[in-house]
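Colleague: Sharing a sequence plus its predicted fold:
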Amino acid sequence: MKNVLTQIEQLTRSSIQALETSLSLEMLEAVRIEFLGRKGKIANLMPLLADLSLEDKRVVGPLMNELKAKVEELFEAKKQSFADVLLAKKEESFKDFDVTAYTKRPLEGSLHPYTHVHTIITDFFRSIGFQVADGPEAETEFYNFEALNIPANHPARDMQDTFWLNIPSMVMRTHTSNVQIHSMQKYNPPIALISIGRVYRNEATDASHDCMFQQFEGMFIDKNVSLANVIATMKLFLQTFLDDKNLKLRVRPGFFPFVEPGIEIDASCPFCTDGCSTCKHSRWIEMVGAGLIHPNVLKAGGINPEEFSGFAFGFGLTRLVMLKYGISDIRLLHSSSVEFLKQF
Ligand code: PHE
């Protein structure tokens, strides 16, 4: 009996000490298993009861229960204290959380200069009754050259260095003028449309040339269309696009096999009054090739040149974008560099 009482006393002391010196939930759990587990130290005391007299049992039994209850209670208390500390820590870290605080903003996207200019152009031409058409970039020789009055072996083919595909008679289109023929075949006059897209030329790349660039083409077919119509349309467009109401045009003769007569239109420099590097100190900037659609081209598109006439014009859209945004190197515009693009 004395032996059992000593053991209970020892166990009481050692369990309290073990609980109090636990530094973490893991340590605490180990202590629980050691003392309160099914095969733990307290459970192991129970068999000792069997050897005791009934009288002694009445004394020792409750003491054992008391020990167990006490260890359980201490264990729960200690566990709770760990939870409290954890919560306090969490609260502490949230205390300084200011939802109104200013933080670095995430990188914001912006429209590519091309996209921006596409929108300005399509908005303008839609407002004067033009529709927007599209055409293939991989094109047959017929639509890119022949139908546009540029037969095989004609020297005009050398004006545009061509990427020929491995498929016979197929090219990467050298201009957006292929859309003229597709559209004539698709619609009946009056036709008023523009088309914007990529074109390809087998040229060496430098600050102002790339093997891919963009053009923007327009076409109007109706009865009695005259050169004055295309000049007036170009004037209104350029004044709007370059945001200069006083912009003046200068018209020179120009040669393109698919128009007759053909003209080239220059605009007065919108960036200076007495010469700058953009206009190469000439006060004029070359803008657009245009003219009245050649009868052969109308015929190729299935339109009777005796009944209808039309104008066509073609811009180097890439040049327009570079002019509008003051971009001096085409390679930057085509680089996809975020550093460069985020300026716009
Ligand atoms: N297609 C011509 C070019 O690429 C531009 C142009 C289009 C000229 C329409 C006149 C009329 O140079």
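Modeller: Everything's here; your move.
Colleague: Please report phi then psi for the residue of the stretch 1-150 of the chain found nearest the ligand.
Modeller: Here the residue of the stretch 1-150 of the chain nearest the ligand is residue 148; by C-beta to the nearest ligand atom that distance is 7.9 Å. To be clear about C-beta, it is placed using only N, CA and C from the backbone, and glycine gets the same treatment. Per-residue torsions, residue 148: phi -100, psi 20 (degrees, to the nearest 10).
Colleague: Use 5 as the first number for this chain going forward.
Modeller: Got it, the first residue is 5 from now on, which makes the last one we talked about residue 152.
Colleague: Surely it and residue 262 touch.
Modeller: Yes: using C-beta atoms under 8 Å, residue 152 makes contact with residue 262 at a distance of 4.2 Å.
Colleague: Name the residues contacting each of those two.
Modeller: Listed as contacting both residue 152 and residue 262 by C-beta atoms under 8 Å, 6 or more residues apart in numbering are 181, 184, 301.
Colleague: need the contact list for the last one.
Modeller: Residues in contact with residue 301 (C-beta under 8 Å, 6+ apart) are 151, 152, 153, 184, 185, 262, 263.
Colleague: Give the helix, strand or coil label for whichever residue of the stretch 205-348 of the chain sits closest to the ligand.
Modeller: With distances taken as C-beta to the nearest ligand atom, the stretch 205-348 of the chain approaches the ligand most closely at residue 318, which sits 2.4 Å away. For residue 318, the assignment made with DSSP: H, G, I helix; E, B strand; the rest coil gives strand.
Colleague: how close does the most centrally placed residue in the chain get to residue 218?
Modeller: When C-alpha atoms, centre = their mean is applied to the chain, the residue found nearest the centroid is residue 113 (6.7 Å). According to C-beta to C-beta, to the nearest Å, residue 113 and residue 218 sit 21 Å apart.
Colleague: next one: residue 178
Modeller: 13 Å.
Colleague: what does residue 116 give?
Modeller: As for residue 116, its distance to residue 218 is 11 Å (criterion: C-beta to C-beta).
Colleague: Give me the more crowded residue out of those two.
Modeller: residue 218 (22 against 14; other C-beta atoms under 10 Å).
Colleague: is it fair to say that one lies in a helix?
Modeller: No: counting by three-state DSSP, residue 218 is not found in a helix; it is strand.
Colleague: Quick one: name the residues of this protein near the ligand.
Modeller: The chain has residues 179, 181, 221, 260, 263, 293, 294, 295, 316, 317, 318 near the ligand, with proximity defined as C-beta under 6 Å from any ligand atom.
Colleague: please redo it, this time with the cut-off set to 5 Å
Modeller: Taking C-beta under 5 Å from any ligand atom, the part of the chain that reaches the ligand is made up of 179, 181, 260, 293, 316, 318.
Colleague: Of these, which is the most crowded?
Modeller: residue 181 leads the residues of the chain next to the ligand on contacts (other C-beta under 10 Å) with 28 neighbours.
Colleague: For it, which non-adjacent residue is closest in space?
Modeller: Beyond its immediate neighbours in the sequence, the residue positioned closest to residue 181 (C-beta to C-beta, 6 or more residues apart in numbering) is residue 152, lying 5.5 Å away.
Colleague: hang on, isn't the residue of the stretch 205-348 of the chain closest to the ligand packed against residue 297?
Modeller: No: checked against C-beta under 8 Å, the pair residue 318 and residue 297 is beyond contact range at 11.8 Å.
Colleague: Kindly report the domain assignment for the chain.
Modeller: For the chain, automatic domain parsing gives the domain ranges 6-97, 117-345.
Colleague: Make CSV from those domains and add distance to residue 106 and mean pLDDT to it.
Modeller: Written out in CSV, the entries for the domains of the chain read as follows (distance: least, C-beta to C-beta, whole Å; pLDDT from 0 to 100):
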stretch, distance to residue 106, mean pLDDT
domain 6-97, 20, 88
domain 117-345, 23, 94
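Colleague: Pick the most deeply packed of the ones you listed.
Modeller: Highest mean neighbour count of the domains of the chain: domain 117-345, a mean of 17 (counted as mean count of other C-beta atoms under 10 Å).
Colleague: Would you pull up how far that domain lies from the middle of the chain?
Modeller: 27 Å (C-alpha atoms, centre = their mean, to the nearest Å).
Colleague: likewise stretch 49-56?
Modeller: Between the centre of stretch 49-56 and the centre of its chain there are 79 Å (C-alpha atoms, centre = their mean).
Colleague: how long is it end to end?
Modeller: Distance between the two ends of stretch 49-56: 12 Å, counting by C-alpha to C-alpha, to the nearest Å.
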